[in-house]
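*Asks:* sequence unknown, structure follows:
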Ligand code: AVJ
């Protein structure tokens, strides 16, 4: 069956394989179209979503120390994967500019949309900043950057974005970054930490329904792009957190039996009542787990910056 189909895009291919698998699943990366980007902005402003504020505090508190570590050899290129709206990064950029550091900023994001507004806001807020943005998948762009070794690279991944990857894939991602790093280059990365399970559940299941709309945006996008007829309201947003593994998981749960047509990929999908689509994981960490991930990827932790309550931490890594 599978081999006779040709797909026009990875979205088509991933949706087909996810909805014909058992149990059903869809990759969270497809949440982020224009609506998904906007909903994620709203999530970052929610009182329950502590991650953004926590990382903001860390950057604010440690900007001076970070400027010294990053600039230890005099001059660097700051490369940010998944730059988003740059709200947090601007704390650092502003500080580095005030100190007159010689650096170049390269924000990378999958969304050209997001990059365009980031560039516009930087031009206004930080005129004189050297910026070159790049649109693309991390993987591809990192390969391009590997050959670029004129001066020290600082690769930055904020927001606990790595948490969307289960450990095996997180290690692949880290190895990939590691392979693009020279001996003196650094990786600066945010990892959300294990904490009271209820705090985590609340962050991913707010009572205003923003996170539910964010999760269901997968179905809205598939309806539009694959000419499908999902009824998003017939699904329930459901969040679980396993305190043993540190894995938060998002599901869409069918509230009744349904048949959905996805015309563009000639697929008919049946749902039994209470059947699930697994959509996202948001992994929570502790120092031992991060150290293990680093070791598996031939990296070592050189510094840890946490909030006072240790709810969130940023780590600096170098090549082992
Ligand atoms: C952007 C992947 C860090 O997992 O915390 C927020 C995405 N999902 N609320 C996260 C998300 C539901 C977010 N990351």
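*Replies:* Everything's here; your move. Keep in mind it's a predicted model, so treat the numbers as computed, not measured.
*Asks:* Contacts only, for the closest residue to the ligand within the stretch 1-150 of the chain.
*Replies:* Per Cβ to the nearest ligand atom, residue 43 is where the stretch 1-150 of the chain lies closest to the ligand, at 4.9 Å. Every residue, glycine included, has its C-beta placed from N, CA and C. Residue 43 makes contacts with 49, 206, 210, 211, 214, as judged by Cβ atoms under 8 Å, 6 or more residues apart in numbering.
*Asks:* Adding distance to the ligand, write those out as JSON lines.
*Replies:* Shown next, in JSON lines, are those (distance: Cβ to the nearest ligand atom, whole Å):
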{"residue": "49", "distance to the ligand": "7"}
{"residue": "206", "distance to the ligand": "9"}
{"residue": "210", "distance to the ligand": "9"}
{"residue": "211", "distance to the ligand": "5"}
{"residue": "214", "distance to the ligand": "6"}
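*Asks:* In the residues you listed, find the pair that's most separated.
*Replies:* Pairwise distances across the contacts of residue 43 (Cβ to Cβ) peak at 10.7 Å, for the pair 49 and 214.
*Asks:* Which one of the two is surrounded by more residues?
*Replies:* residue 214 (25 against 19; other Cβ atoms under 10 Å).
*Asks:* can you give me the helices in the stretch 1-150 of the chain?
*Replies:* 10-19, 34-45, 50-70, 89-98, 112-125, 138-146 (DSSP state H, counting those that start in this stretch).
*Asks:* what helices or strands is the longest one leaning on?
*Replies:* By that I understand helix 50-70. helix 34-45, helix 89-98, strand 186-192, helix 197-203, strand 299-306, strand 312-319 (3 or more Cβ pairs under 8 Å, 6 or more residues apart in numbering; DSSP states H and E).
*Asks:* ok, the residue in the stretch 201-320 of the chain that the ligand sits nearest to - how many residues close by?
*Replies:* Nearest residue of the stretch 201-320 of the chain to the ligand: residue 282, at 3.3 Å (Cβ to the nearest ligand atom). Other residues near residue 282 number 21, with proximity taken as other Cβ under 10 Å.
*Asks:* For residue 152, find the nearest of the helices and strands packed on helix 50-70.
*Replies:* Once the helices and strands packed on helix 50-70 are compared by Cβ to Cβ, strand 186-192 is nearest, at 7.6 Å.
*Asks:* what inclination does that closest one have with respect to strand 299-306?
*Replies:* With axes from the mean of the first three to the mean of the last three Cα atoms, to 10 degrees as the basis, strand 186-192 and strand 299-306 are set at 50 degrees to each other.
*Asks:* Within the sheet, what are the partner strands of strand 186-192, with directions?
*Replies:* strand 153-157 (parallel), strand 312-319 (antiparallel) (DSSP bridges).
*Asks:* just to revisit the earlier point, what would the helices of the stretch 1-150 of the chain look like in CSV with mean pLDDT and distance to residue 26?
*Replies:* Below are the helices of the stretch 1-150 of the chain laid out as CSV (pLDDT from 0 to 100; distance: least, Cβ to Cβ, whole Å):
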stretch, mean pLDDT, distance to residue 26
helix 10-19, 97, 5
helix 34-45, 95, 13
helix 50-70, 98, 22
helix 89-98, 98, 29
helix 112-125, 93, 21
helix 138-146, 79, 20
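*Asks:* Fine by me, we can end here.
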